[in-house]
Each structure stands twice: as structure tokens, then as C-alpha cells.
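Enquirer: Kindly generate the corresponding structure for this input.
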Amino acid sequence: DVGALLDELRSDVQETLGELRDLAHGIYPPLLREHGLGEALRTAAGRAAVPTTVEVGLHVRPSPEVEAAVYFCCLEAVQNAAKHAGDGACVVVRVYGADDGVAFEVRDDGAGFDPAATVENTGFVNMRDRLGAFGGVLTVTSSPGAGTVVRGRLPATAAAATTSAPDRA
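Expert: Below you'll find the model as predicted:
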């Protein structure tokens, strides 16, 4: 009986944690709202489990919805690197404006993986969904021993500026 109860409790705890993670992914951080992507990502980088540097070079500040999509995608990619890149890995996050919208890149110098031999994790699916909601795209490039690069791009129509950007790197 105790073993069955423990299994049920473990399942309940895992389900609750999943719900909390889902909720946390949807919360718009006040730091992002008040100070923009650069400040919010730099603060998150300071708490990351791997050494992470951030470069943000935007000429105009994107809409809050686009900022949130980019922010949460970058966080997910940094968390993936912390879990899978291996000891000694470092991460660089770049967010920049382009003529055709807003783009980001999260690059780690870790273990990498063979995309053909790996089932895509829920983190990549979540990132694709976030960007896809705005007509954006996500690409993941990796190979064993060569690290991983996660790139996202949102079109200019989705990234319509709302204010001038405080986020020049």
C-alpha cells in the first residue's frame, strides 16, 4: 500500500510542477515590461546555471507580445543549454533588429547533439509555438561536440515598435 501511495503522490507532485511551469511561462515579468529585453535577459543570465552573456541591439522596442515571445524563447534555450551542454559550457544570447523584423540567437559551446537521432524536446516545440503565433520561425543547429545554436526570427509585421528601445548593447 505504501508503495502505491508513494507512486500516486509522486505523480501528483510531477503534475503540479508541470502546471506551475506552464503558469510561469505565461507570466509577463515586470522587469521586461518596465526596462525591456536587454535588462530582463541580463538579469536572467545572472541567475543562469551556466555562464551566460547577453547582447541586445535593437533600434526600436518591439511590441510587448513580441518581447515576451523572444524573452521566453531565450530563457528556454538557456535552460536547455544548462541541462544538456555539459560541464564548462558557456552561452551567448544575442537579440537584434533586422530590416525584416526581430531576431535572436542563443549559442552554446557545449556537447551538442545529433538532431537526426534526437527526439525534439518540449522546449523546442514550445519555442516554435510561441514564434509561430506571430508568423515567426525557429531553427536549431547542432552536432556532437560542436555545441548548439537556437535561432528565432519574427517578421516586422509582428515586431511593430511601440517605443524607442532602451536596449542598445
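Enquirer: can I assume residue 108 is in contact with residue 85?
Expert: Yes - with contact defined as CB atoms under 8 Å, residue 108 and residue 85 form a contacting pair (4.5 Å). Yep, even glycine has a C-beta here, placed from its N, CA and C like the rest.
Enquirer: Looking at the two, which has the bigger crowd around it?
Expert: Remark: of residue 108 and residue 85, residue 108 carries more neighbours, 26 against 23, as counted by other CB atoms under 10 Å.
Enquirer: quick revisit: what is in contact with residue 108 and residue 85 at once?
Expert: Overlap of the contact sets of residue 108 and residue 85 (by CB atoms under 8 Å, 6 or more residues apart in numbering) consists of 50, 91, 147-148.
Enquirer: Residue 115 and residue 90: what is the separation?
Expert: Taking CB to CB, to the nearest Å as the measure, residue 115 and residue 90 are separated by 21 Å.
Enquirer: list the contacts for residue 78?
Expert: Residue 78 makes contact with 44-45, 48, 50, 52, 91, 93, 106 under the criterion CB under 8 Å, 6+ apart.
Enquirer: Now, the residues you listed that are in strands?
Expert: Using DSSP state E, the members of the contacts of residue 78 that fall in strands are 52, 91, 93, 106.
Enquirer: Closest one to residue 35 out of the residues you listed, please.
Expert: Sorting the ones in strands among the contacts of residue 78 by how near they are to residue 35, with CB to CB, puts residue 93 at the top with 15.9 Å.
Enquirer: Three-state assignment for the closest residue to residue 68 other than its chain neighbours, please.
Expert: If you skip the residues right next to it in sequence, residue 68 has residue 28 as its closest partner in space, 5.5 Å away by CB to CB, 6 or more residues apart in numbering. Residue 28 carries the three-state label coil when classified by DSSP: H, G, I helix; E, B strand; the rest coil.
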